[in-house]
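Colleague: Based on what follows, work out the 3D shape:
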Amino acid sequence: MTDETYENGNPTSTTLPSFQVTADLQGDVQSLAGKTIYVVVEDPHGFVKQASIVQPITQTRNTLYVETRTFGPRKGRYTGNFRVLVCYDAACTSQFGGSPIVVPYDIEVLQGLVLNGNAPISFSARAGETQTVSFPLTMPEGLLLYPVALPPPLGGQPQLEVRQMSSPSIAWSVVAGATPSGAIAGSISAGLAGDILSAYAEVQTPKGKRLRLSAQVQVAYTLLP
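Modeller: Purely as a prediction, here's the structure:
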């Protein structure tokens with residue numbers, strides 16, 4: 001497996017896409033119909049969350065589904081082998097013939113789009129007043145620019161967007177230094193409130209693959225009377 005991917009900044013996606021492995025198994029697979037078959041992936045770099053086998057099981061061309069982690073390894077190049085073990089028991093003391101299945105990989109993880117280090121944002125402000133808050137936004141490698149010929153404010157600027165998903169109580173924007181800034185409207189009532197802040201960026205990898213990245217964090221704020 002060879003791939004280029006990005007450090008993930010969104011809890012609804014993964015650093016490396018989940019993938020499937022096809023395997024031939026040796027043993028009395030017919031007698032195991034309806035029983036639990038255990039699949040364990042030895043993963044030296046932390047890409048994989050869990051794995052399973054697609055029923056029904058046969059002697060040949062079984063499909064193993066490997067689910068990857070939401071927040072995998074950081075920026076860097078990772079080479080090694082995924083060892084996929086197909087077992088009769090949860091501790092994998094007894095494996096099927098043909099197990100483990102070895103999947104070599106060479107994966108380049110590029111710097112991704114990350115809001116506030118993937119940590120939730122929380123702050124306090126006074127109701128009836130306008131207050132601005134800001135926090136770090138890590139820009140991705142290969143960030144594309146809008147064509148210079150486009151009219152202001154887009155022409156020549158990064159293809160980057162920051163917006164909230166639910167409440168219209170904070171107006172977010174990206175200012176100099178790639179730091180998102182949010183201004184709380186003065187008409188918001190006192191109390192606790194929450195939102196989800198998202199960022200999107202258009203990028204291109206060194207090998208020419210174009211992607212739309214997203215980052216997302218929870219926002220919790222307290223408006224004091």
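
Colleague: list the buried ones in stretch 68-84?
Modeller: By 16 or more other CB atoms under 10 Å, the buried positions in stretch 68-84 come out as 68-69, 71-73, 78, 82, 84. Yep, even glycine has a C-beta here, placed from its N, CA and C like the rest.

Colleague: That stretch: how far from the chain's middle?
Modeller: 13 Å (CA atoms, centre = their mean, to the nearest Å).

Colleague: Equivalent analysis for stretch 213-222, please.
Modeller: With CA atoms, centre = their mean, you get 14 Å for stretch 213-222.

Colleague: now swap in stretch 97-116 and tell me
Modeller: 13 Å.

Colleague: ends of that stretch, how far apart?
Modeller: 47 Å (CA to CA, to the nearest Å).

Colleague: One more: stretch 4-17?
Modeller: Here the two ends of stretch 4-17 are set 11 Å apart, with distance taken as CA to CA.

Colleague: circling back to that earlier point, so of the buried residues of stretch 68-84, which two are at opposite extremes in space?
Modeller: Phe71 and Val84 (21.9 Å; CB to CB).

Colleague: So if we follow the domain assignment, how does the protein break up?
Modeller: According to automatic domain parsing, the chain comprises the domains 2-110, 114-224.

Colleague: and the ones you listed, which one's lowest on average pLDDT?
Modeller: The minimum mean pLDDT among the domains of the chain belongs to domain 114-224 (a mean of 74).

Colleague: re the thing from before, filter the buried residues of stretch 68-84 down to the ones in strands?
Modeller: Judged by DSSP state E, strands contain the following of the buried residues of stretch 68-84: 68, 78, 82, 84.

Colleague: I'd like to know how far the first one sits from Val41.
Modeller: I take that to be Thr68. Per CB to CB, to the nearest Å, Thr68 is found 10 Å from Val41.

Colleague: Give the residues shared as contacts by these two.
Modeller: Contact with both Thr68 and Val41 is made by residues Val48, according to CB atoms under 8 Å, 6 or more residues apart in numbering.

Colleague: list the helices and strands the helix or strand harbouring Leu223 packs on?
Modeller: For Leu223, the host element (DSSP states H and E) is strand 210-224. Counting contacts by 3 or more CB pairs under 8 Å, 6 or more residues apart in numbering; DSSP states H and E, strand 210-224 is packed against strand 114-115, strand 121-126, strand 191-204.

Colleague: highest average neighbour count across these?
Modeller: Mean neighbours per residue, mean count of other CB atoms under 10 Å, is largest over those for strand 114-115, with a mean of 24.

Colleague: Can you list the strands that that strand pairs with?
Modeller: strand 137-138 (antiparallel) (DSSP bridges).

Colleague: is it true that Gly67 touches Lys49?
Modeller: I think there's a mix-up here, since residue 67 is Glu and not Gly. Yes - assessed by CB atoms under 8 Å, Glu67 is found in contact with Lys49 at 4.8 Å.

Colleague: just how off-centre is stretch 54-64 within its chain?
Modeller: Mean-position distance between stretch 54-64 and its chain equals 29 Å (CA atoms, centre = their mean).

Colleague: what about that stretch, start to end distance?
Modeller: Calculated as CA to CA, the first-to-last residue distance of stretch 54-64 is 6 Å.
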